[in-house]
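[1] This is a predicted model, with the sequence first.
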Amino acid sequence: MAGQKGEKERERAFYENGGKLHEKLIASCNGRPIPIRSYSCEELLRATNNYDPSHIFHRDKWYNGSFEGRMISIKKYSRYDKNSLFTDIAVSAKMSTHNNVLKLIGCCLEAQVPISVYESAANGSLSGRLFNVTSDHDGAQQHQREPLSWQSRLKIAREIAHAVSYLHTAFSRPIIHRDIKSGNVFLDQNNVAKLTDFSLSISIPEGQTHVEDVVYGTVNFVCPHYMVTGYITEKVDVYGFGSFLLELLAGQSKWKDLFCNPDSFDVEDFENDKFFFAINEVVDPAILVGEEGSVVWQQLQAVLRLALICRKKDPEIRPNMVDVTKELRKIERFIL
């Protein structure tokens, strides 16, 4: 009887979740829902060795797994908010063709809370690399791996900027991510950056300049204008991306100091004697070793200036993400 009851519950969950997801996919994809592979609960249990804690690679919800000889990443949603959950799946499906978005492979709809299956994020989260910690199977924090080089960080910045630009410009209704940060960027086996977690994403209606909603996001990454007005435009992501650039620059050693006093630096600092002080105060020392006076030093100056412009309080002063991407390409090639 217990087995029959469990089977009926799974069947009920499958049809209920499938219906809601289908609606969200149709709404998101202009009536042409993207086909998504369906996984059973048993298949994902086998893929993760019964969700063995040693398979966790990011916080308490992302697992490494293996299915049919292929490495995969499995997301178990910790928050029971099905609206944001289905938004995450639908936008991930829509964005899966982009090389800098973690590709959605499928999902398990027969679980009470659907489980998503993605391509492998073999090198874990960017936050784990920047802040040099990973979770072991007991949840303790262990220091591992060398810090990311400056060129790696600059490449990641350009790749994520490109993904966000695509969100804003590729569709008739621009999509705003609302939570761009290192914890929502993963690295594949080749250290290609992959944007993920679209659970807070929202679309701007066609013909409109903004959409209104309650304030969601992460402290220090949320646009001040959005916090006051509830207005969401592409410039909300630009502000968040500016904070993301500061994460890449600051790393573990400078991040907390920087955001304890976020108004310490402004773009004007680069027009006077404060520049060298600002770089030394903001940038991860691991980047600066042996780089004084080099091309890297000038790239750091340019990226820090860009980050601060992106974080300007007035949204109208901030660039759009297409221009941010172009600027990062120039900085990476050192055509300044």
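    Right, received. Where do you want to start? Since the model is a prediction, treat every value here as computed from it, not as a measurement. Numbers count the residues shown, from 1 in each chain.

[2] Distance of residue 205 relative to residue 212?
    Going from residue 205 to residue 212 by Cβ to Cβ, to the nearest Å gives 11 Å. In short, each C-beta sits where N, CA and C put it, glycine included.

[3] Look up how far residue 54 lies from the most centrally placed residue in the chain.
    The chain has residue 184 as the residue nearest its centroid, 2.9 Å off, counting by Cα atoms, centre = their mean. Taking Cβ to Cβ as the measure, residue 184 falls 23 Å from residue 54.

[4] Repeat that for residue 150.
    32 Å.

[5] Of those two, which one has the most company?
    In this view residue 150 and residue 54 are compared by other Cβ atoms under 10 Å, and residue 150 has more residues nearby, 22 against 13.

[6] Report the contact partners of that one.
    Residue 150 is in contact with 287, 291, 296, 299, 300, counting by Cβ atoms under 8 Å, 6 or more residues apart in numbering.

[7] Secondary structure for those residues - can I get that in JSON lines?
    Listed next are these as JSON lines, based on DSSP: H, G, I helix; E, B strand; the rest coil:
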{"residue": "287", "secondary structure": "helix"}
{"residue": "291", "secondary structure": "coil"}
{"residue": "296", "secondary structure": "helix"}
{"residue": "299", "secondary structure": "helix"}
{"residue": "300", "secondary structure": "helix"}
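
[8] got those as TSV, with neighbour count columns?
    Formatted as TSV, these follow (neighbours: other Cβ atoms under 10 Å):
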residue	neighbour count
287	23
291	15
296	19
299	21
300	24
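
[9] out of those residues, who's nearest residue 228?
    Comparing the contacts of residue 150 against residue 228 with Cβ to Cβ places residue 300 closest, at 31.9 Å.

[10] pretty sure the closest one contacts residue 284?
    No. If you go by Cβ atoms under 8 Å, residue 300 and residue 284 don't touch, sitting 10.0 Å apart.

[11] joint contacts of those two?
    Listed as contacting both residue 300 and residue 284 by Cβ under 8 Å, 6+ apart are residue 249.

[12] count of residues packed around residue 113?
    If you count neighbours by other Cβ under 10 Å, residue 113 ends up with 15.

[13] That one falls within a strand, correct?
    No. Under the criterion used here (three-state DSSP), residue 113 is coil, not part of a strand.

[14] Check what pLDDT it gets.
    At residue 113, the pLDDT value in this model is 86.

[15] Quick check: the gap between residue 169 and residue 73.
    Residue 169 is 27 Å from residue 73, where distance means Cβ to Cβ.

[16] Which phi and psi values does residue 174 adopt?
    Note on residue 174: its backbone torsions stand at phi -50, psi 140 [degrees, to the nearest 10].

[17] Quick check: residue 108 touching residue 45?
    No. Applying Cβ under 8 Å, one finds residue 108 not in contact with residue 45, separated by 9.9 Å.
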